[in-house]
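A.B. asks: pasting the structure only:
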């Protein structure tokens, strides 16, 4: 299990642990995460499943239009209903009925589970079986406090980015297909190269959660709008032919403008050992979050933690 939460058991770290490190057998968790963020401003804490179903189904239908494979299981009656709706073969009210009946069978129970147990913070309470709930979930104060921070919009973008990476891994049968995720820092884009280049998601949105929305160097809070993609080992090394893999995901971090380009910024300075250790830790978290970033970092830096440490020390 990752030490991501142990290092900083904050409210947003608990949420990000669910999105980044929770078990992925279907994309329902991402749809529920985006739905919860949308509903956090409701005046009532209680949310009927009938109210939860429309935005939840909408997110899944939107992704099915882009990538058909949204689960590791070979079949799903619920996803088939979403596909039928997308084709125009199923009315919206029938889709919502199916979502209420089949769409939440496992995701509500498993949402807070990371590794072998639940995270210590609950962003909703499942009251479907209680007389009080009447078929509802109850949003918690923790969810409301989470969405009252400057990171609210970023959390939705991070969930979307993680969803795009996971569904692409399933669709392209990664890592068995032998294709790694590549980075284009200039275009702020992660992509894979098959017959053609397939753009996946933004570098900033994909990496921000692993840094908990903070500058890699000074740890000040940032938003995706202000974060800058930085080459930890300076890009000039690639330009000089000394580090051809400098654009690898392993070498990309997010920094505030001051640290990246300010008067006291890092520029082309040799990174301090403590920062190299911080990069090693971040890269191990990418591995802990599983495909496709796991396979990408392993291909770029080594098969185990010791090899990845040696890789960075040799830069």
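C.D. replies: That came through, no problem. What you see is a predicted model, and the numbers here were worked out from it, not measured in a lab.

A.B. asks: show me where pLDDT drops low in the stretch 101-250 of the chain?
C.D. replies: By pLDDT under 70, the low-scoring segments of the stretch 101-250 of the chain are 131-135, 176-178, 235-243.

A.B. asks: again, 80 this time
C.D. replies: Across the stretch 101-250 of the chain, residues meeting the criterion (pLDDT under 80) sit at 130-135, 174-179, 194-195, 235-244.

A.B. asks: please enumerate the helices of it.
C.D. replies: Listed in chain order, the helices found in the stretch 101-250 of the chain under DSSP state H, counting those that start in this stretch are 107-110, 141-147, 152-171, 203-208, 236-239.

A.B. asks: please identify which of those is closest to residue 6.
C.D. replies: Of all the helices of the stretch 101-250 of the chain, it is helix 141-147 that lies closest to residue 6, at 18.8 Å by C-beta to C-beta. From N, CA and C alone the C-beta is placed, and that goes for glycine too.

A.B. asks: touching that closest one from outside, list them.
C.D. replies: 11-12, 14-15, 36-37, 40-41, 121-124, 152, 155 (C-beta atoms under 8 Å, 6 or more residues apart in numbering).

A.B. asks: one more time with 10 Å, if that's ok
C.D. replies: For helix 141-147, the surrounding residues in contact (C-beta atoms under 10 Å, 6 or more residues apart in numbering) are 10-12, 14-15, 36-42, 45, 121-124, 139-140, 152-153, 155-156.

A.B. asks: now the strands for the stretch 201-315 of the chain?
C.D. replies: Secondary structure of the stretch 201-315 of the chain (DSSP state E, counting those that start in this stretch): strands at 228-231, 252-255.

A.B. asks: and these, which is most packed in?
C.D. replies: Of all the strands of the stretch 201-315 of the chain, strand 252-255 has the most neighbours on average by mean count of other C-beta atoms under 10 Å, namely a mean of 24.

A.B. asks: give me the most central residue, this structure.
C.D. replies: residue 162 (3.1 Å; C-alpha atoms, centre = their mean).

A.B. asks: thinking again about what came up before, which one of the strands of the stretch 201-315 of the chain lies nearest to residue 75?
C.D. replies: Closest approach to residue 75 among the strands of the stretch 201-315 of the chain (C-beta to C-beta): strand 252-255, 37.9 Å.

A.B. asks: now that closest one: how far from the chain's centre is it?
C.D. replies: 16 Å (C-alpha atoms, centre = their mean, to the nearest Å).

A.B. asks: and what of stretch 274-282?
C.D. replies: Averaged C-alpha coordinates place stretch 274-282 at 20 Å from its chain's average position (C-alpha atoms, centre = their mean).

A.B. asks: equivalent analysis for stretch 84-93, please.
C.D. replies: Relative to its parent chain, stretch 84-93 has a centroid offset of 29 Å by C-alpha atoms, centre = their mean.

A.B. asks: for it, which positions count as buried?
C.D. replies: The neighbour-count check on stretch 84-93 (16 or more other C-beta atoms under 10 Å) flags 85-86, 90 as buried.

A.B. asks: out of the residues you listed, the closest to residue 307 would be?
C.D. replies: So of the buried residues of stretch 84-93, ranked by how close each gets to residue 307 (C-beta to C-beta), first place is residue 86, at 44.0 Å.

A.B. asks: list the contacts of that closest one.
C.D. replies: Residues in contact with residue 86 (C-beta under 10 Å, 6+ apart) are 60-62, 64-65, 68, 95.

A.B. asks: a markdown table for those residues, including distance to residue 75?
C.D. replies: Below are the contacts of residue 86 laid out as a markdown table (distance: C-beta to C-beta, whole Å):
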| residue | distance to residue 75 |
| --- | --- |
| 60 | 15 |
| 61 | 18 |
| 62 | 21 |
| 64 | 14 |
| 65 | 19 |
| 68 | 12 |
| 95 | 18 |
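
A.B. asks: now a ChimeraX select for only the buried ones of the contacts of helix 141-147.
C.D. replies: Those of the contacts of helix 141-147 that count as buried under 16+ other C-beta under 10 Å are selected in ChimeraX with:
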select :12,14,15,36,37,39,40,121,122,123,124,139,140,152,155,156
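
A.B. asks: domain-wise, how is the chain divided?
C.D. replies: According to automatic domain parsing, the chain is divided into the following domains: 4-147, 156-313.

A.B. asks: isn't residue 51 up against residue 99?
C.D. replies: No: checked against C-beta atoms under 10 Å, the pair residue 51 and residue 99 is beyond contact range at 11.4 Å.

A.B. asks: of these two, which one has the most company?
C.D. replies: Between residue 51 and residue 99, counted using other C-beta atoms under 10 Å, residue 99 has the larger neighbour count: 24 against 16.

A.B. asks: quick one, phi psi at that one?
C.D. replies: phi -60, psi -40 (degrees, to the nearest 10).

A.B. asks: quick check, it in contact with residue 49.
C.D. replies: Yes: using C-beta under 10 Å, residue 99 is in contact with residue 49, at 8.6 Å.
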